[in-house]
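>>> okay, sequence plus prediction incoming.
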Amino acid sequence: MQGAGILATTPLWAEITSTVACGQPIGSLIPLGVDHHGFEPSLADRGRLDASLLVVANGGGLEAGLDDTLAATPTPVHRIVSDGRDPHVWLDPVSVADALPALAEALIVHAGLDSVAIEACRLALDDRLRTLDEDIGKRLATVPANRRSLVTDHATLGRFADRFRLEVIGSVLESFSSMAEPSAHDLELLAGEMRRNDVTVVAVEEDSHDSDSRRLAERTGSAIVEIPLRLGPEGSPTGTYEEMLRTLAERLDEALRR
Ligand SMILES: [Zn+2]
């Protein structure tokens with residue numbers, strides 16, 4: 001089968017890559033429901049990676065547990081981001097659209113996919129992403145100016161906030177990864193910052209069981225809003241990239257207006 005042997009690191013990049021590849025099935029190294037920050041590959045995963053034609057990675061330090069394996073594999077690695085900003089790049093649909101030409105090029109060069117077909121599929125996805133961006137932009141544009149600030153569990157929403165003009169005043173973990181731990185002093189400073197800025201929303205990654213964020217919310221009388229940052233199971237409200245991002249925007253929108 002043409003296109004067999006392309007892998008992505010995460011289910012979300014597997015979906016996007018598959019769409020650019022005109023629906024070819026693309027596997028994910030990190031299984032659905034597993035935190036991309038903490039994932040460690042098995043020997044079998046390494047074998048699968050080494051036998052692939054191309055691997056598509058988020059990059060920017062997101063898949064920290066995979067970095068050594070990606071550096072060692074003979075398989076070409078296409079990284080969506082290489083800068084040191086917030087690596088949760090898929091939370092900005094325009095950044096995703098902007099990353100597609102280079103991804104399409106990698107599919108053509110390394111996996112031998114047909115360039116005319118790929119270009120048509122990329123353009124169709126580009127259109128959908130720009131519609132998604134407009135819809136979310138319109139929805140969040142009407143959140144009042146004094147209700148646009150929030151705190152997150154780890155530094156997840158930098159790109160989303162930049163794109164849709166929200167303000168993240170701080171994170172429980174001042175880290176792009178969910179693998180760090182905050183000190184009591186850090187939490188006290190953040191609580192003070194929240195009170196001074198009248199911030200009453202703490203956004204935590206869905207299913208993260210983050211007790212520090214919950215304590216911070218209790219201490220400051222804030223609401224916890226669970227936000228999806230990864231793909232959910234097929235058929236769930238976060239089963240596709242587009243559904244995930246719309247659900248994320250909807251939950252933030254409701255929490256900020258409360
Ligand atoms: Zn994260």
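Arrived safely. Numbering: from 1, shown residues only.
>>> mind giving me the packing neighbours of the longest helix belonging to the chain?
Counting residues, the longest helix in the chain under DSSP state H turns out to be helix 115-141. Judged by 3 or more CB pairs under 8 Å, 6 or more residues apart in numbering; DSSP states H and E, the packing partners of helix 115-141 are helix 11-20, helix 93-111, helix 158-164, helix 241-257. For every residue, glycine as well, the C-beta is placed using N, CA and C.
>>> list the contacts for the nearest residue to residue 102 once chain neighbours are set aside?
Nearest non-adjacent residue to residue 102, counting by CB to CB, 6 or more residues apart in numbering: residue 78, 7.3 Å away. Taking CB atoms under 8 Å, 6 or more residues apart in numbering, we find residue 78 in contact with 54, 55, 56, 57, 102, 103, 106, 110.
>>> redo those residues as CSV? Include pLDDT.
CSV is the format used below for those (pLDDT from 0 to 100):
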residue, pLDDT
54, 98
55, 98
56, 98
57, 98
102, 98
103, 98
106, 98
110, 97
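>>> any of those buried? List them.
Buried members of the contacts of residue 78, scored by 16 or more other CB atoms under 10 Å, are 54, 55, 56, 57, 103, 106, 110.
>>> for the strand or helix carrying residue 79, which strands pair with it and how are they oriented?
Using DSSP states H and E, residue 79 sits in strand 77-81. Strand pairing for strand 77-81, using DSSP bridges, gives strand 54-59 (parallel).
>>> need the contact partners of the partner strand.
By CB under 8 Å, 6+ apart, the residues outside strand 54-59 that reach it are 5-10, 13-14, 17, 26, 29, 36, 49, 63, 66, 70, 73, 75-82, 87, 89-90, 103, 106-107, 110-111.
>>> what subset of the residues you listed is buried?
5-10, 13-14, 17, 26, 29, 36, 49, 63, 66, 70, 73, 75, 77-81, 87, 89-90, 103, 106-107, 110-111.
>>> and residue 178, which of the three is it?
Secondary structure assignment for residue 178 (DSSP: H, G, I helix; E, B strand; the rest coil): coil.
>>> report pLDDT for it.
In this model, residue 178 is scored at 83, pLDDT.
>>> tell me the contacts of residue 49?
Residues counted as contacts of residue 49 (CB under 8 Å, 6+ apart) are 7, 29, 41, 55, 69, 70, 73, 75.
>>> try 6 Å
The contact partners of residue 49, by CB atoms under 6 Å, 6 or more residues apart in numbering, come to 55, 73, 75.
>>> so what are the domain limits for this protein?
The chain breaks down by automatic domain parsing into domains covering 6-137, 142-257.
>>> so the residue nearest to residue 201 when sequence neighbours are not counted, which state does it fall into?
In space, and not counting its chain neighbours, residue 201 is closest to residue 150: 4.2 Å by CB to CB, 6+ apart. Under three-state DSSP, residue 150 falls in the strand class.
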